[in-house]
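1. Model the structure of this input:
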Amino acid sequence: MILEIDPRRPNPRKIARMVEALRKGEVVIYPTDTCYGMGADIFNKKALERIYQIKGIPKTRPFSFVCADLSDISRYARVTDFAYRVLKRYLPGPYTFILEGSRQVPKMMLTKRKTVGIRIPDHPVCLEMVKLLGNPVISTTASMADEIFSDPREMSQRFGKQVAVIADCGIILPEPSSVISLVNDEPEVLREGKGSCEDFE
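-> Sure thing, here's the model as predicted:
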């Protein structure tokens, strides 16, 4: 199902339909400030496995996830005073920050080092969806192999009934988020993307 949503004024009913699908353990495609993401409730193991299956990637590769706000992040990661200042300055924005995960995070979401990748994209549709759901959603690019999609209509043709809802907010030219590790309060640029990394180098 394609839902056309105005990114400037998201229709609450349409956001609710996306959240309803997530609560049922379905996979949805949603917009972010860097690309279209493919998401599911991080606490639904079958939905997480479904995304691995759709994308054809090994389960050993952990996903990052989207939180609603800074207080939400503190539930799922260890946030030091230093990390909090960084997060407050750069989020919402095109960054994925790596932090030490908390006990709230499902094991499937943790790396071998017990860290997590967390995003707060600067996109109202995405944020309203996560807020209404009440917990984070998976943040992984809506892609197959090396093909990354920018047009919701193309995604509808490619994924078909594998996803329950596609939020159509127009074309989004994909540009990856910058990935910054804040583990041990030692900033490290792991991937330079849309977000400026000058302050972390």
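2. Would you enumerate the residues in contact with the closest residue to Thr80 other than its chain neighbours?
-> Ranked by Cβ to Cβ, 6 or more residues apart in numbering and with sequence neighbours excluded, the top spatial neighbour of Thr80 is Asp185, at 5.7 Å. From N, CA and C alone the C-beta is placed, and that goes for glycine too. Asp185 is in contact with Thr80, Phe82, Ala83, counting by Cβ atoms under 8 Å, 6 or more residues apart in numbering.
3. Closest one of the residues you listed to Lys46?
-> Ala83 (32.1 Å; Cβ to Cβ).
4. Run through who's touching the strand or helix carrying the closest one.
-> Ala83 belongs to helix 81-90 when assigned by DSSP states H and E. The set of residues external to helix 81-90 that reach it, using Cβ under 8 Å, 6+ apart, is Leu70, Ile73, Val79, Phe97, Leu99, Ile180, Leu182, Asp185, Pro187, Gly195.
5. now that we have the residues you listed, which one has the most neighbours?
-> Phe97 (26 neighbours; other Cβ atoms under 10 Å).
6. Helix, strand or coil: sort out it for me.
-> Put simply, Phe97 is strand when judged by DSSP: H, G, I helix; E, B strand; the rest coil.
7. do Gly37 as well
-> strand.
8. and what of Ala47?
-> Going by three-state DSSP: Ala47 is helix.
9. mind listing the strands in this structure by residue range?
-> 2-4, 28-31, 36-39, 64-66, 95-100, 115-119, 137-141, 143-144, 147-148, 165-168, 178-181, 188-191 (DSSP state E).
10. Counting by contacts, list what the fourth one packs against.
-> It refers to strand 64-66. strand 115-119, strand 137-141 (3 or more Cβ pairs under 8 Å, 6 or more residues apart in numbering; DSSP states H and E).
11. repeat for the first one
-> Helices and strands touching strand 2-4, by 3+ Cβ pairs under 8 Å, 6+ apart, are helix 12-23, helix 152-159, strand 165-168.
12. got a list of contacts for that strand?
-> Applying Cβ under 8 Å, 6+ apart, the external contacts of strand 2-4 come out as Lys14, Arg17, Met18, Pro152, Arg153, Ser156, Val165, Ile166, Ala167, Asp168.
13. of all those, which two lie farthest apart?
-> Arg17 and Arg153 (18.6 Å).
14. How confident was the prediction at the most centrally placed residue in the chain?
-> By Cα atoms, centre = their mean, the chain has its centre lying nearest to Ser139, at 2.3 Å. Model confidence at Ser139, given as pLDDT, is 91.
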